[in-house]
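Q: Turn this into a model:
(2 chains)
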2 protein chains.
Amino acid sequence: MKISQLGEFGLIRHLTEGLKNRQPSTVYAVGDDAAVLNYDGKRTVVTTDMLLEGIHFNLEYVPLRHLGYKAVAVNVSDVCAMNATPTQITVALGVSARFTVEDLEDFYTGVRAACERYKVDLVGGDTCASMNGLTIAVTCLGVADEKDIVYRNGAKPNDLICVTGNLGSAYLGLQLLERELHVFRSMQHDNLAQAAEQNDAIHEKFEGREYLLERQLRPEARLDVVKALRKAGIKPTAMMDVSDGLSSELFHICTQSKVGCDIYEDKLPIDYQAVALAEEMNLNIVTCALNGGEDYELLFTCDIHDYEKLVPLDDVYIIGHITDAEYAPVEGDAKGTAASVPPSNLRLIPRNGNPMPLTAQGWQAF
Amino acid sequence: MKISQLGEFGLIRHLTEGLKNRQPSTVYAVGDDAAVLNYDGKRTVVTTDMLLEGIHFNLEYVPLRHLGYKAVAVNVSDVCAMNATPTQITVALGVSARFTVEDLEDFYTGVRAACERYKVDLVGGDTCASMNGLTIAVTCLGVADEKDIVYRNGAKPNDLICVTGNLGSAYLGLQLLERELHVFRSMQHDNLAQAAEQNDAIHEKFEGREYLLERQLRPEARLDVVKALRKAGIKPTAMMDVSDGLSSELFHICTQSKVGCDIYEDKLPIDYQAVALAEEMNLNIVTCALNGGEDYELLFTCDIHDYEKLVPLDDVYIIGHITDAEYAPVEGDAKGTAASVPPSNLRLIPRNGNPMPLTAQGWQAF
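A: Just a heads-up that it's a prediction; the model follows:
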């Protein structure tokens, strides 16, 4: 059987099903952004992400400094998505012979900057040689009171659906980088004067798009929002970070919470630079916002009674609400196992008002 | 500057120097087998190891099942080396297109077996595609009372130096596998009948050496010894696991504890299969035991008054004692920073009684 037949989530489910927890300290294991561990009242959360050259990043246009920052930020983002406070990270690196000490210093400059930004401590790791390219594995630990932790499974009908920042920018930043890389590669066969000229041309192409590049190259975890929610006295009912795309994450929350959702197209927060570039590249901006991925914004649901507290919050947008789940009939589903099949009523309400099914395209790792 | 100029430990030191801890929960960060975190009285320990195909393992002769087991065991071993109890692991995998679901199942069969053996919970991870080969990053968490944690820096003159199990077997197992792999590869050019015959011949070559293969392919963490020490009322003064070779680990303990050591050649525990194979391969068995690496045994020091309690313990061997450090004069060492230079009197006492300096060959990652 090919891995592609299962897909990333199917594979993980397949490989981890039937696992039993043995430690009394294991409160919640595989299945959310981070694991929750109970050490004497306080909960420790832990999450791991791997970044591989040629898969997650292309060093032709990703500066190592930004990569170091991003490797930390995406893990911190997972801890934030648990409504926890990130506290420590470990960084494991596999580096091939083509990297110099200066390269790794650059990488660690980014790691340190992110540690500074999020107030996390780098507490361990592993650095080893690799045969090919750069391999990065970061683990992040965080802490929270048990009562504060937010899982993916708590959304209930009528809850408000909120998202932070804006969506699709990181994806469009990537499209821009990829497009200019092609230009850059093709010009390497020309003479040097021409190359320099075209290099200037590329920099011009990036002008006015700096924000999109930043969103792709140096995303931020929304620890500020976690703090703001706490300050406002709001505890989300479900939360995730948007790494694979809004649709995909809504799919996770609705499946685990056994609910449906209505999302309004005209409520989706989208940056004007993203709109302009999508136009130029002939891409559908709504599709970019729904399925782009790598936004590292927070998607959360909260009780409708929190509406008054939500409104004053900076950079938080209400994009829809949770509905009842209406499960599609599934063959052999006699034992009421419908809970494990995707809810059928994830809907996008376009400007014309005619609901369309929301499809979780997500990011296909394999 | 090339990474090889710094070496693995130099590189890590270089990249992490000057890091400041910000969380009150960070008790001990980079510089030992695992980090120690304080969450409400209990200490959490966390450690990460990365295993890369072509560097740490060769899938031509390493079964994926064993690899999964080993990936967990080597991390559990680091937690044991802190005198802590391993509790949870996360596993991040990067897999190239040549791997099937069945391959990953095999890998996870090994992971599960190790989880079962050491009573740890797999609580998270990441599985993603890779361009080349198999990449594994495991993080292990553990827990201990603060008073029980053992660092590398507590050894003091006259302490006994102990090691568990035996040394050099894993290294010799690797030599055997590498030798037979060459035979196997060279025979692939011959006809099939001949190949089958030679394949039988290889299996014969492994007969009577199963223990060495097992030590290389499926090492065990010495959690049993950690428990036995606790039961016997012994708290080591310093402890590490032997992953890079006894000499290298002694070097770490002596440097961090600012002491020297005398190790007796005739006290080194060596298995008879290792002796026989070293003889056949014309390798010096003492060199294998001192510098082989991958033993994943525990090396620890303890107070001489614990001698009576130590003797009855299974599989624990006293191989020498800690001495005063005699630092070699170092240029520009006026500010008393000698503590950071290697102690000069790490000695091996051979059978003839004439002490030789112990050189920390270790394992050069770059």
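Q: The strand or helix carrying A:Val226 close to chain B?
A: Taking DSSP states H and E as the definition, A:Val226 sits inside helix A:223-231. No - using CB under 8 Å from any CB of the partner chain, helix A:223-231 never reaches chain B; the gap is at least 13.4 Å. Any C-beta I mention is one placed from the backbone N, CA and C, and that applies to glycine too.
Q: Let me see the ranges of the helices in the stretch 151-300 of chain A.
A: A:169-187, A:192-206, A:210-217, A:223-231, A:246-257, A:272-280, A:285-291 (DSSP state H, counting those that start in this stretch).
Q: Most tightly packed of those?
A: helix A:246-257 (a mean of 24; mean count of other CB atoms under 10 Å in any protein chain shown).
Q: outside of that helix, which residues touch it?
A: A:31, A:151-156, A:161, A:163, A:167, A:237-238, A:240-243, A:259-261, A:263, A:268, A:289-291, A:293, A:295, A:299, A:301, A:322, A:325, A:342-343, A:346, A:358-363 (CB atoms under 8 Å, 6 or more residues apart in numbering or on different chains).
Q: In strands only, show me those.
A: Under the assignment DSSP state E, those contribute A:161, A:163, A:238, A:240-241, A:259-261, A:263, A:299, A:301, A:322, A:346 to strands.
Q: Excluding chain neighbours, what is closest to A:Asn345?
A: In space, A:Asn345 comes closest to A:Gly260 once its chain neighbours are excluded; the distance is 3.5 Å by CB to CB, 6 or more residues apart in numbering or on different chains.
Q: Could you give the bridge partners of that neighbour?
A: A:Thr323 (DSSP bridges).
Q: That one - how many residues pack around it?
A: The local packing of A:Gly260 (other CB atoms under 10 Å in any protein chain shown) involves 22 other residues.
Q: residue contacts, A:Ser130?
A: A:Gly94, A:Val95, A:Ser96, B:Leu52, B:Ile55, B:Thr135.
Q: now do 6 Å
A: By CB atoms under 6 Å, 6 or more residues apart in numbering or on different chains, A:Ser130 lies in contact with A:Gly94, A:Val95, A:Ser96, B:Leu52.
Q: Scan those and report the most crowded one.
A: A:Gly94 (27 neighbours).
Q: circling back: any chance of the contacts of A:Ser130 in JSON lines, plus distance to A:Met1, pLDDT and secondary structure?
A: As requested, these are exported to JSON lines (distance: CB to CB, whole Å; pLDDT from 0 to 100; DSSP: H, G, I helix; E, B strand; the rest coil):
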{"residue": "A:Gly94", "distance to A:Met1": "28", "pLDDT": "90", "secondary structure": "strand"}
{"residue": "A:Val95", "distance to A:Met1": "33", "pLDDT": "87", "secondary structure": "strand"}
{"residue": "A:Ser96", "distance to A:Met1": "31", "pLDDT": "88", "secondary structure": "coil"}
{"residue": "B:Leu52", "distance to A:Met1": "25", "pLDDT": "94", "secondary structure": "strand"}
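Q: just those residues now: which is nearest A:Leu141?
A: A:Gly94 (21.6 Å; CB to CB).
Q: Just the buried residues of stretch A:46-62, please?
A: For stretch A:46-62, the neighbour count (16 or more other CB atoms under 10 Å in any protein chain shown) marks A:46-53, A:55-57, A:61-62 as buried.
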